[in-house]
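*Asks:* Quick check, what structure comes out for this input:
(2 chains)
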Amino acid sequence: MAKGDLIATRDAYGKALAKYGAEYPDLVVLDADLSGSTKTGVFAKAFPERFFQMGIAEQDLMGTAAGLAAAGKIAFASTFAIFATGRAWEQIRNSIAYARFNVKVAATHAGLTVGEDGASHQANEDIALMRVIPGMTVVVPADAVETEQAVKALLDYDGPAYLRLGRSKVPVVFDDDYQFVIGKAATLRAGDDVTIIACGIMVEAALTAAEQLAMEGISARVVNMSTIKPLDEEAVLAAARETGAIVTCEEHNIIGGLGSAVAECVVRHYPVPMRFVGVKDVFGESGDPETLLKAYGLTAGDIVQAVKDVLQAK
Amino acid sequence: MQLTERAWRIREKIIQMVGAAGSGHPGGSLSATEIVTALYFHIMKHDPKNPEWPERDRFVLCKGHAAPVLYAALAEAGYFDPAELNTLRKFGSILQGHPDRKRTPGVEVSTGSLGQGLSIANGLALAAKLNGEKHRIFALLGDGEIQEGQVWEAAMTAAHRGLDNLVAYIDNNNLQIDGDVREVKGLTNIPARWEAFGWHVQEIDGHDLAAIIAATEKALAVTGQPSVIVCRTIKGKGVDFMEGQADWHGKAPNAEQLAEALRQLQRRGK
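*Replies:* So this is what the prediction gives:
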């Protein structure tokens, strides 16, 4: 993988499962009739005896994953984000997280960039739904490189976790030597005037925005906050102290997601002005991903505007 | 100790602990007493001194609100000091209102939200098959519980996967919180429903210990198919004023009722 290559995080996920299948004999993967789309089919082909096709039954998917984990397996359960975190929320809460079973809910097709399927399939609430569950780790990789590393990190981590993946191809932003660590943010660009904290596909947009801002003489720090929970409070507070203003960017409702997590930290310890780039508490609609990101205010240009706005309040 | 005597001692403990707690679910604990007694004191391979013994059979109490019958059986078997039973539902207790595997030795999985247990039991059964392990998985469901859609998702999975290392029991006491299961949601023909989903089905008197054991042996001899044993039971069995009363689903006896219930159970246990 080279910087700039266009790879969907779901593709990187399927490949990572197959890559680590031999090294982790306890790894089992479950899917609910979407293995072609979630890319767990890649693992199924390589390790058919450790792949469980559960049919269109997301509640049973999560419960069965809990049982496999109860027997010592590392269970990755995949379907679309809306069904995983929405329909099966209580199974994740009670059967998996409350029992503290080693299940990774790895959901694809998160956010607006599902595109043409429309609002019924666009999960813009999933980070909030998973973040609120006690003991859940929540990871939103920015690209294929980080996805592969996140899969490895979650294989090594004993406990329930949510891995948020996308449908659309997105540019690789990390070099191969990038090191993902659960709970650690990565500063991708230094800056003093403001910090842009982003996750998922918005990381690339944040870097583009910082580039544009630099041309206008504004020095923006860019932080990739790929672990939403546990949040890297140190990185957030360093941003607050050293730059005095924060803009968060996420392909998710501005309620309950990355922005909320950062705000909860900032108001407790070091209040600074903030702005939130994300879906503004509305449902999405059909359209190609790029058009949707423009229509719902999730472009580099929107981040530039939010930065200028927050600097007025500084 | 005779199994019958054991069952009545477990009933006494159920009533004592629910009485001490001042809340809890006596009705569905008393109806499931023989099933749980037969499992823990005759059918299952397990070691109370080594709850994590890898070769143990696994029990999943899908109807988690019947925690008192499970706790009583675990205490009787020696998983923990029976004195703990008096801490049921109290702050800091190892005995939560619904089973919590993190707190109670011998509790395999955490349950309480109805309809989720059979899927977990399936996962345990799939793992055993994948590992080539010989232990068996036993799951106990309520009849009202099978109104939950997830139960039927799980029923399909178990049949599709041929989980013959799994035996499910339905505590068919015909009562749920709001009344008769047949009136609340037209829950009739329970055996036929499971048969249609591809399960090996038996129907027995769920208070007959010998019948439970014989049906379980028959179920374990079935290959390529999961088994369900529909157990006809009486909610509140053993305490005359609780028997057949939906009202006693989730209510503790007062001091007077507690004394009377214990008097009846002690007399029956002799």
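*Asks:* which residue ranges form the helices in the chain?
*Replies:* Since no chain was named, I'll use chain A. Taking DSSP state H as the criterion, chain A carries its helices at A:9-20, A:35-38, A:40-46, A:58-70, A:81-82, A:89-90, A:126-131, A:144-156, A:202-215, A:233-243, A:258-269, A:289-295, A:300-312.
*Asks:* Please refer instead to chain B.
*Replies:* With DSSP H as the criterion, chain B has helices spanning B:3-21, B:27-31, B:33-38, B:67-77, B:117-131, B:149-160, B:181-185, B:190-196, B:209-221, B:255-269.
*Asks:* Need the winner for burial among those helices.
*Replies:* Counting by mean count of other CB atoms under 10 Å in any protein chain shown, helix B:27-31 has the highest mean neighbour count of these, with a mean of 30. From N, CA and C alone the C-beta is placed, and that goes for glycine too.
*Asks:* Which strands or helices does it pack on?
*Replies:* Helix B:27-31 is packed against helix B:3-21, helix B:67-77, with contacts defined by 3 or more CB pairs under 8 Å, 6 or more residues apart in numbering or on different chains; DSSP states H and E.
*Asks:* for that helix, the distance to its chain's centre please.
*Replies:* Remark: helix B:27-31 is offset 9 Å from the chain centroid, using CA atoms, centre = their mean, to the nearest Å.
*Asks:* Average pLDDT for stretch A:185-196, rounded please.
*Replies:* Stretch A:185-196 shows a mean pLDDT of 98 in the predicted model.
*Asks:* no no, stretch B:163-175
*Replies:* 98.
*Asks:* And that stretch, end to end?
*Replies:* Terminal residues of stretch B:163-175 lie 29 Å apart, using CA to CA, to the nearest Å.
*Asks:* hmm, it in reach of chain A?
*Replies:* No. With CB under 8 Å from any CB of the partner chain as the criterion, chain A is not reached by stretch B:163-175; the gap is at least 10.3 Å.
*Asks:* Point out where the stretch 201-314 of chain A drops to low pLDDT.
*Replies:* The model of the stretch 201-314 of chain A has no residue with pLDDT under 70.
*Asks:* burial of residue A:46, as a residue count?
*Replies:* 15 (other CB atoms under 10 Å in any protein chain shown).
*Asks:* now residue B:86
*Replies:* 15.
*Asks:* Touching, it and residue B:22? I think so.
*Replies:* No. Residue B:86 lies out of contact with residue B:22 (CB atoms under 8 Å); the separation is 11.4 Å.
*Asks:* Can you give me the neighbour number for whichever residue of chain A sits closest to chain B?
*Replies:* Nearest residue of chain A to chain B (CB to the nearest CB) works out as residue A:67 at 1.8 Å. Residues near residue A:67, counting by other CB under 10 Å, number 30.
*Asks:* Without its sequence neighbours, what residue ends up closest to it?
*Replies:* Residue nearest to residue A:67 in three dimensions, not counting chain neighbours: residue B:123, with 1.8 Å by CB to CB, 6 or more residues apart in numbering or on different chains.
*Asks:* ok, that neighbour - contacts?
*Replies:* A:63, A:64, A:65, A:66, A:67, A:68, A:69, A:70, A:71, A:75 (CB atoms under 8 Å, 6 or more residues apart in numbering or on different chains).
*Asks:* Mind checking which of these are buried?
*Replies:* A:63, A:64, A:65, A:66, A:67, A:68, A:69, A:70, A:71, A:75 (16 or more other CB atoms under 10 Å in any protein chain shown).
*Asks:* Can I get these in a markdown table including pLDDT?
*Replies:* Putting the buried ones among the contacts of residue B:123 into a markdown table (pLDDT from 0 to 100) gives the following:
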| residue | pLDDT |
| --- | --- |
| A:63 | 98 |
| A:64 | 98 |
| A:65 | 98 |
| A:66 | 98 |
| A:67 | 98 |
| A:68 | 98 |
| A:69 | 98 |
| A:70 | 98 |
| A:71 | 98 |
| A:75 | 98 |
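*Asks:* which one among those gets closest to residue B:76?
*Replies:* For the buried ones among the contacts of residue B:123, the closest approach to residue B:76 (CB to CB) belongs to residue A:70, at 23.9 Å.
*Asks:* Roughly how far does that closest one sit from residue B:109?
*Replies:* 5 Å (CB to CB, to the nearest Å).
*Asks:* Now do the shared contacts for these two.
*Replies:* Contacts common to residue A:70 and residue B:109, judged by CB under 8 Å, 6+ apart, are A:99, B:120, B:124.
*Asks:* per-residue confidence for the first one?
*Replies:* Looking at residue A:99, its pLDDT reads 97.
*Asks:* so how many other residues sit close to the residue lying closest to it once chain neighbours are set aside?
*Replies:* In this structure, residue A:99 finds its nearest non-sequential neighbour in residue B:110, 4.0 Å apart by CB to CB, 6+ apart. Neighbour count for residue B:110, taken as other CB under 10 Å: 29.
*Asks:* Residue B:102 is in contact with residue B:110, correct?
*Replies:* Yes. Residue B:110 is within contact range of residue B:102, at 7.2 Å (criterion: CB under 8 Å).
*Asks:* what is in contact with these two at once?
*Replies:* residue A:99.
*Asks:* circling back: in contact with the residue nearest to residue A:99, which residues?
*Replies:* Here residue B:110 is in contact with A:94, A:95, A:98, A:99, B:64, B:98, B:99, B:100, B:101, B:102 (CB under 8 Å, 6+ apart).
*Asks:* measure it to residue A:181 for me?
*Replies:* From residue B:110 over to residue A:181 (counting by CB to CB), the distance is 30 Å.
*Asks:* before we move on, what about residue A:70?
*Replies:* Distance from residue A:70 to residue A:181, by CB to CB: 28 Å.
*Asks:* Which among the contacts of residue B:110 count as buried?
*Replies:* A:94, A:95, A:98, A:99, B:64, B:98, B:99, B:100, B:101.
*Asks:* ok, so of the residues you listed, who is nearest residue B:76?
*Replies:* Nearest member of the buried ones among the contacts of residue B:110 to residue B:76, counting by CB to CB, is residue B:99, at 16.2 Å.
*Asks:* State the distance from that closest one to residue B:69.
*Replies:* Counting by CB to CB - residue B:99 and residue B:69 are separated by 11 Å.
*Asks:* quick revisit: now render the buried ones among the contacts of residue B:110 as CSV, adding distance to residue B:227.
*Replies:* Formatted as CSV, the buried ones among the contacts of residue B:110 follow (distance: CB to CB, whole Å):
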residue, distance to residue B:227
A:94, 26
A:95, 23
A:98, 29
A:99, 25
B:64, 22
B:98, 26
B:99, 23
B:100, 28
B:101, 25
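*Asks:* List the residues that contact residue A:253.
*Replies:* Contacts of residue A:253 (CB under 8 Å, 6+ apart): A:124, A:125, A:128, A:278, A:279, A:280, A:281.
*Asks:* Bridged to it, which residues?
*Replies:* Note on residue A:253: beta-bridge partners residue A:279, judged by DSSP bridges.
*Asks:* quick one, what contacts residue A:192?
*Replies:* A:219, A:221, A:242, A:243.
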